[in-house]
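> Curious how this folds, go ahead:
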Amino acid sequence: MINIYKNPSVITLRVNGVDNELTVNPNETLLHVLRDKLAKTGARPGCEQGNCGTCTVLIDGSPIKSCIMLAIEAVGHEITTIEALQDTYLQQAFVKYQGYQCGYCTPGFIMNITGLLNKYKHPTEEQIKQWMTSNYCRCTGYEEIRHAIEDTIAHGHD
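Model prediction:
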């Protein structure tokens, strides 16, 4: 019997605009490859079941929970991590409205909302609420996060 988990493959992942050639096992998640092999630690492990959103990255501009995506599934796609976002208005709004406390979930929220704003230039309140349910925060009451999102939309987000 062949053990597929012990047959590594050389793949190329395009992360934040840079091609990276890596050797990965077929069962390695994108989250762990980003963190352990590429030192992109902004995507964080949480539930590791796709529920909490702390591991959210963008794949071709859409939010994906990297803990439930295999690294080999990301071949041929553009992966964007929080490290690629430099001082965006959304990040500034999170600070302005204190949309964080411990900060553990913040990169996942920012990536998820960046995906929302990639898809909808002027999302409705209902769309914002729906997209926010994709991520958990154990510290805030979500109001500060919602205010940061609304402020970003009002200022023609970047």
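> Break the chain down into its structural domains.
Here the domain parsing of the chain from automatic domain parsing is 4-83, 86-154.
> okay if I get those as CSV plus mean pLDDT?
As requested, the domains of the chain are exported to CSV (pLDDT from 0 to 100):
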stretch, mean pLDDT
domain 4-83, 95
domain 86-154, 92
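> While we're on residue 158, how confident is the model there?
Listed pLDDT for residue 158 reads 57.
> ok, back up a step: could you dump the domains of the chain into TSV with mean neighbour count added?
(Each C-beta comes from the backbone N, C-alpha and C, glycine too.) Putting the domains of the chain into TSV (neighbours: other Cβ atoms under 10 Å) gives the following:
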stretch	mean neighbour count
domain 4-83	18
domain 86-154	18
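> and the longest helix for the chain?
Counting by DSSP state H, the longest helix found in the chain is helix 106-119.
> what's it packed up against?
Under the contact criterion of 3 or more Cβ pairs under 8 Å, 6 or more residues apart in numbering; DSSP states H and E, helix 106-119 touches strand 56-59, strand 62-65, helix 89-96, helix 125-132, helix 143-154.
> 6 Å - rerun?
Applying 3 or more Cβ pairs under 6 Å, 6 or more residues apart in numbering; DSSP states H and E, we find helix 106-119 packed against strand 56-59, strand 62-65.
> The ones you listed: which one's closest to residue 111?
strand 56-59 (4.3 Å; Cβ to Cβ).
> What separation is there between the nearest residue to residue 113 once chain neighbours are set aside and residue 17?
In space, and not counting its chain neighbours, residue 113 is closest to residue 149: 5.5 Å by Cβ to Cβ, 6 or more residues apart in numbering. Separation of residue 149 from residue 17 (Cβ to Cβ, to the nearest Å): 25 Å.
> With residue 148 instead?
Between residue 148 and residue 17 the distance is 26 Å, computed by Cβ to Cβ.
> Please apply the same query to residue 65.
22 Å.
> follow-up on the earlier one: need the contact partners of the longest helix of the chain.
By Cβ atoms under 6 Å, 6 or more residues apart in numbering, the surrounding residues in contact with helix 106-119 are 42, 53-54, 56-58, 61-63, 82, 90, 100, 123, 131, 134-135, 149, 157.
> show me what contacts residue 7?
Listed by Cβ under 6 Å, 6+ apart, the contact set of residue 7 is empty.
> Relative to residue 28, how far out is it?
Counting by Cβ to Cβ, the gap from residue 7 to residue 28 is 12 Å.
> Sweet, I'm off.
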